[in-house]
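Q: sequence first, then the predicted structure, then my questions.
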Amino acid sequence: MTNELSPLVQMQYLRPRQLEKAGREFPVVYVPFGLIEWHGQHGPLGTDALKAHGVLVKCAEQHGGVVYPPVYFPHATHNPGGGLIDEDRGWKLEMVTDLFHRLKATGFRVIIAVSGHNIQTQIDLFEEALKPVVADGTMAGIGLWEMTLSRCDESSSDHAAKWETSNMMFFYPDTVDLSELGEGQLQPDMKPPDGIGGLDPREHASVEVGRRNVELCADAIGKKARELLESLPEDQREFNMEQIVPPQWWLV
């Protein structure tokens, strides 16, 4: 597996006939989510969405389907008293539900929403947003973290430590600079000034760790996509749009 991300499975790069062809071959759309967030002094702020998007592009390259562009929005904030709060959940749920309805109207039969920001509240949001979209039985969907289905000794996640740093070293090596961490001991458990949760990336992160993690994540998600498509009635497994032309289709 290489780190190149094919434009031929990324929706924003496709022409209408290319999108229609991809949908007819495998009517699955993958939607990556993330936010702009601290990922240590050494990692890019957009790591969450970038890694989810990269994994899904690799998944689509191998298994089929198309990948929606990364969706960035804040998912929850830290409560000074501990835990996470999400006071803006209402508009987020409305926005995500509307997006899923639009993808359904485009003709897809399976939606796989993947969060690179590995908190349960976001998966819960996806699952709630999917309920009205799949309620009629003509579509299936699921919300996941990128490693939900592949978690093992070679596939996991953390915060700006071994796993996330390795993912970025694989996909976007120029965005990672481990020298920014200096040579001293890092503060544990997300404590300032490092804000890193997990194994020291200076010792444990590598391109190869990232490549293997991505490989396992992508394959597991692709197999789940096939499983969800085959769970639908046989007459509901085909791309559900006659032709991608106005006025049948205009925007998502």
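A: Nice, thanks for sending it over.
Q: which strands or helices does whatever helix or strand residue 218 lives in pack on?
A: Assigned by DSSP states H and E, residue 218 belongs to helix 207-231. In terms of contacts (3 or more Cβ pairs under 8 Å, 6 or more residues apart in numbering; DSSP states H and E), helix 207-231 is packed against strand 28-34, helix 47-63, strand 110-115, strand 140-145, helix 162-171. Every residue, glycine included, has its C-beta placed from N, CA and C.
Q: for burial, what's the neighbour tally of residue 138?
A: If you count neighbours by other Cβ atoms under 10 Å, residue 138 ends up with 15.
Q: can you tell me how far it is from residue 251?
A: 21 Å (Cβ to Cβ, to the nearest Å).
Q: out of the helices and strands packed on helix 207-231, which is closest to residue 216?
A: Closest to residue 216 of the helices and strands packed on helix 207-231 is helix 47-63 (Cβ to Cβ; 9.6 Å).
Q: contacts only, for residue 8.
A: Listed by Cβ atoms under 8 Å, 6 or more residues apart in numbering, the contact set of residue 8 reads 14, 18.
Q: could you report the pLDDT at it?
A: Confidence at residue 8, expressed as pLDDT, is 97.
Q: equivalent analysis for the one 3 residues further on, please.
A: At residue 11 the predicted local distance difference test score is 98.
Q: so it makes contact with residue 70?
A: No: assessed by Cβ atoms under 8 Å, residue 11 is found out of contact with residue 70, at 11.1 Å.
Q: what's the burial count for the spatially closest residue to residue 117 that is not a sequence neighbour?
A: Residue nearest to residue 117 in three dimensions, not counting chain neighbours: residue 48, with 4.3 Å by Cβ to Cβ, 6 or more residues apart in numbering. Residues within reach of residue 48, counting by other Cβ under 10 Å, total 29.
Q: contacts only, for residue 48.
A: 33, 34, 35, 37, 115, 116, 117.
Q: per-residue confidence for the residue of the chain most remote from its centre?
A: In the chain, the residue that sits farthest from the middle, by Cα atoms, centre = their mean, is residue 184; the gap is 33.1 Å. At residue 184, the model reports a pLDDT of 94.
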